[in-house]
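Chemist: Sequence below, structure please.
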Amino acid sequence: MEKTRRIQTLKENHLFSRAYRKGRCFSGKYVALYVLNNNRDKDLNKLGITVSKNRGNAVKRNRAKRIIREAYRVFHPFIKEGHIIVIVARQPCVEAHVSVVVSELEVLLSNAALL
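Modeler: Have a look, this model is predicted:
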């Protein structure tokens, strides 16, 4: 199972909104995970990461996004294809270590039946 392709990012606001509205939600202490089937591109996943402004200043928000991106990168080769995945950072994620977010994301992805 070799997947060396780049992680496709989610940029359109209407896809974020559709994932929030129609997708399944799995939440933990550090992140919340929204999963929606991608009807247009069934051979790839699209990842969106959001951090609310009330989580801190730009430095803290960017750090949280880097942590989440790195945690997702660990599981990227093993995730089933054809999904829109939105990961939302919660307040403890701003100060968390990468290994903690990786372990929580593994649990959430397995609960979502994506691994």
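Chemist: what does stretch 28-35 rub up against?
Modeler: 19-20, 23-27, 68, 83-90, 92-93, 96, 100-101, 104-105, 107-109, 112, 114 (C-beta atoms under 8 Å, 6 or more residues apart in numbering). Glycine gets a C-beta too; all of them are placed from N, C-alpha and C.
Chemist: Report the buried residues of it.
Modeler: Neighbour-count burial for stretch 28-35, counted by 16 or more other C-beta atoms under 10 Å, picks out Gly28, Tyr30, Val31, Ala32, Leu33, Tyr34, Val35.
Chemist: nearest to Gly56, of these?
Modeler: Tyr30 (14.4 Å; C-beta to C-beta).
Chemist: The helix ranked longest in the chain packs against which elements?
Modeler: Counting residues, the longest helix found in the chain (DSSP state H) is helix 58-75. Counting by 3 or more C-beta pairs under 8 Å, 6 or more residues apart in numbering; DSSP states H and E, the packing neighbours recorded for helix 58-75 are strand 46-50, strand 83-89, helix 98-111.
Chemist: Now for the spatially most central residue of the chain: which residues touch it?
Modeler: Using C-alpha atoms, centre = their mean, the residue of the chain that lies closest to the mean C-alpha position is Ile87, 3.1 Å off. Taking C-beta under 8 Å, 6+ apart as the criterion, Ile87 is in contact with Val31, Ala32, Leu33, Tyr34, Leu47, Gly48, Ile49, Thr50, Ile68, Tyr72, Leu105.
Chemist: nearest to Arg5, of the helices and strands packed on helix 58-75?
Modeler: strand 46-50 (12.1 Å).
Chemist: Neighbouring strands - and their directions - for that closest one?
Modeler: Strand 46-50 pairs in its sheet with strand 8-9 (parallel), strand 83-89 (parallel), by DSSP bridges.
Chemist: Lowest average pLDDT across those?
Modeler: Per-stretch mean pLDDT for these is lowest at strand 8-9 (a mean of 91).
Chemist: residues making contact with that strand?
Modeler: With contact meaning C-beta under 8 Å, 6+ apart, strand 8-9 is reached by Leu44, Asn45, Lys46, Leu47, Gly48.
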